[in-house]
Structures are given as C-alpha cells and as structure tokens.
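K.L.:
have a look at this fold, sequence not included:
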C-alpha cells in the first residue's frame, strides 16, 4: 500500500492547495519530508506590514531574508507591502497621529526604523521569483522606503506579471521603467502628475501582453484638468495595440478616436467612474473616428457607448458612476451582460416620474435577463432609480441573478408623511422568487439628500428596514430551499424562502 509521503510532490502540493494557511503550518511540523513538500505553498505569499503594533515579527522576517537565514525568499510569488513606518498607528486617524508618544515606544520605533533601513533592500533583493507586487504607501512611510521599493520593482524582475500601486508616485527615469516588462495586470491609484503620466505611458507601451489596466486619479486639488486616457494608450513596443480584457478608469477622461479604439477591441470588462473631459467638464469627449470627419462616429453628439456599439465591442461586466448618454441603446444592442453596477444614477424629472428608470430596465436589460448574475443600483437620492413598482416586473425576469443591491426610499412624499418603507416588502418578494439569488442588499436613499452634497445615512433607516424584514413572510409557492442573505447597513439576515418557516 502506497503511503501518503510516497506520493509525487506536485500531487501533494495540489491536494494541499485549498487548505488554510494555518493548517499548512501545522502540517509542516509533522516531519521534514512534509515540511519540504509544503514550503513552496506556505511561503508563496509575503506580507510586509511594519507599524506601531507590529514591529518585532516583521523586522525578524526581513532580517532572516536579508541574511540568508531562511530559504523562504525563493518561494515567494506574491508580495504585499502594507506599511513601512514603525511609528505609524493604524488604529488612529491620520489627523490624530501627532499624539504624545511614550519615550520607550519612541526608542523602540527608532530602533525598528534603523533595522528596517538596514535590512529592507537586501530582503527584497532575495525575492527574485515574485509574480505579483501590491504596495499601499501610507502617509507615514519615509522617502527612503519609496526609493528602496521602487528600485526593487524597477530592477527587472523576470517573473513579474501583476503590479498594484496605491498612493505611490510611480515617476522614475526611463532607463528604470524599461526594465519593467512582461506585465499582464497593472493597477495604479494615485495623484497622477505629468511625470507619473510619462512613466505610466512608458510602462504600458513596453508591455504588449497587458490584459488588465485600472487607473485611478486622486487629485490633490479639486480644481484642474483631468488626465486623459489618450495620453497613455499608444502603440506598444511591437507596433500593435493592446488586447485589453479589463479597463478601469476613475477620474480619467476619455476621448475615443482612431488611436484608442483598437486597444478596446477585446474588452470584456469596463469601469468608468467620475468621468469628465480633459477640460474638467461633465461630458465625455468623443473625437473623430478613423480620421474621417464624415464618419457617423465623428458626430459631435456621439458618446462613448455609441462608439462601442458601432464597433460591436460587447462587455460582460460594466460599472458606471452615473447614467451616460447612449448606455441604454448600447445595452439593447447585444446579449450576454453578466454584471452591471450603476452608482449615483440621477433623475432630473423628479420623484413622481418613473418613466426613465422603468424604460431603462424594460428595454436596455431585456436582452440580458437570463445572463445577468450581479446587479447593483446605488442611487444618490430618493428618485426613480430606487426600487419600486416600476422596476419590479423587469427585475423579476432576471432569473440568473446571484447578487443584487438596490436603494430603497422611505416612501415619504413632499408633504412630509411618516415613512413606511413599503417597497422593502416588494423587494423581498422579488428576491425570494429568484431561484439562484444568494444575497440581496438594501441601500439607503434619503428624500432630502441633495445631488451634489449627499448627507449621512439616516440613523433610523436600518431600524425601519429591519422592522420590515422581521415582519416579512415569504410568499406561497416558492420552491427554493436555499436561504437568502439580506444585508441592510451593518446587519445581515438569513431569510427563509419557504412559507411557514421562521426567518432569522
């Protein structure tokens, strides 16, 4: 009979792949052979988080890597840098960091800072097989830590495929950025200055295999022009356009033209948040298509989705921060959408008119009724985009939904009647009838919330919604055994779907 330890190493590693990391660490203590088999998976992910409450363990970890006391560095495939500031207290807000520090804590932090400065660079140098780097730079990180980490990332890592930068200036000399090649996923969320844009453009052009591109601009000032996607997407080093699967833009303007469209031919996922033109207006600029002013795509009133529809670029995952002209026509032109998220859609027609939202769900979503798995509509105020009778029929036809989230208003009118939250019952009735739905989320929407200046969530919203949920009885004839998870605020409920059972 063949024993477990006599199995091939790759088979043992595959069998242990889905085990929790704590279980793997225990199994390593059984014997040397099992420790040898599980080392690659145990040490495949490394988190560096040095702060006021985590000093000794991460410093010891970096010391062992830098001095060669462990061979774990050869197994690391994913590196996540959270914080490199021994004096930083993550439990306090940024504004309260200047608090009185106990002398002993100050000496301990200073000692850790010296050790970090000594061992960080050689420890990172030991990680030569890293495939993914994620770095969130805190406000307390020293400038030298930025230099050290950036020198490592731009050192020409042979196997690097994924890079996530958050609150990190990515500006670097050209001779350094040219060492970053082979990327398939690039995520940047920071204040994009002109030097950062130049570096980002160089990185994108040198990585023709890039499939996932997500860029977020966090402006230091509210006034000023927005970066434009056209400044970033150019022909790659091979002379060919990118073949993007995902494009995410937050605070980045878009101008569709002959240079941009080829990069979007293979697009399957699109995220557009806080869009604007390069001049910081509220419109999405659409340029001349293919350099032909007579083209119907070059019309000044054309929109981004008009261009995508004409080019027959059909996405399966879509997230928008507001309703965009051309979206209903675009969605109605094809089938196969799997995920749709609308954040802050707004109706200028007022609370009493539900034609716009009803028409959207009735006409734009009907080709996707059987393929849509996730639907989230997060209204900014109580208007027609909140769930109501005008949406109920269309939503009940989305039989493939697994997750949905809708804002539900109080039901109060202009006269100021007592809110009843009657649409909660209607929403739950639809949710319990959807056979594959696993979770339904109820979002607040205030009647007195202004479009430009959203107020805080009303304190009684969760209580009122909870009262309606606790009194809800599932309709008769629902033949779904799986319970439904209903989320409202910070509260979660396990709702039975069969009539007569007690809802938790």
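P.N.:
The structure has been received and is ready for your questions. Being a predicted model, the structure only gives us computed values, none of them experimental.
K.L.:
how about the helices in the chain?
P.N.:
For the chain, helices defined by DSSP state H occupy the ranges 9-15, 21-28, 32-42, 56-67, 103-125, 143-153, 174-177, 194-205, 304-310, 327-331, 355-359, 389-396, 423-433, 461-470.
K.L.:
report the distance from the first one to the chain centre.
P.N.:
Taking the mean of its C-alpha atoms, helix 9-15 sits 32 Å from the chain's own mean (C-alpha atoms, centre = their mean, to the nearest Å).
K.L.:
go through it and flag the buried ones.
P.N.:
residue 12 (16 or more other C-beta atoms under 10 Å). For every residue, glycine as well, the C-beta is placed using N, CA and C.
K.L.:
I'd like to know which helix or strand in the protein has the lowest mean pLDDT.
P.N.:
strand 285-286 (a mean of 34; mean pLDDT, DSSP states H and E).
K.L.:
just to revisit the earlier point, now the helices of the chain in TSV, with distance to residue 243 and mean pLDDT?
P.N.:
Output for these, formatted as TSV (distance: least, C-beta to C-beta, whole Å; pLDDT from 0 to 100):
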stretch	distance to residue 243	mean pLDDT
helix 9-15	30	78
helix 21-28	35	79
helix 32-42	31	80
helix 56-67	37	93
helix 103-125	31	90
helix 143-153	24	92
helix 174-177	21	84
helix 194-205	13	91
helix 304-310	16	87
helix 327-331	21	89
helix 355-359	35	77
helix 389-396	34	88
helix 423-433	38	89
helix 461-470	45	78
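K.L.:
out of the ones you listed, the one nearest residue 183 is which?
P.N.:
helix 194-205 (7.2 Å; C-beta to C-beta).
K.L.:
may I see the buried residues of that closest one?
P.N.:
For helix 194-205, burial by neighbour count (16+ other C-beta under 10 Å) applies to 196, 197, 198, 199, 200, 202, 203, 204, 205.
K.L.:
list the contacts of that helix.
P.N.:
Contact partners of helix 194-205, identified using C-beta atoms under 8 Å, 6 or more residues apart in numbering, comprise 169-172, 174, 177-178, 180, 183, 186, 188, 190, 192, 210, 213, 215, 227, 231-237, 242.
K.L.:
what about residue 19, how many residues nearby?
P.N.:
Residue 19 has 15 neighbouring residues, counting by other C-beta atoms under 10 Å.
K.L.:
low-confidence ranges in the stretch 351-500 of the chain?
P.N.:
The stretch 351-500 of the chain contains residues with pLDDT under 70 at 351-355, 411-420, 445-461, 476-481, 497-500.
K.L.:
and the strands in it?
P.N.:
Taking DSSP state E, counting those that start in this stretch as the test, the strands found in the stretch 351-500 of the chain are 374-378, 403-408, 439-444, 484-488, 491-495.
K.L.:
the first one vs helix 389-396, what angle?
P.N.:
So that's strand 374-378. With axes from the mean of the first three to the mean of the last three C-alpha atoms, to 10 degrees applied, the angle from strand 374-378 to helix 389-396 works out at 160 degrees.
K.L.:
strands paired with strand 374-378, and their directions?
P.N.:
Strand 374-378 pairs in its sheet with strand 339-343 (parallel), strand 403-408 (parallel), by DSSP bridges.
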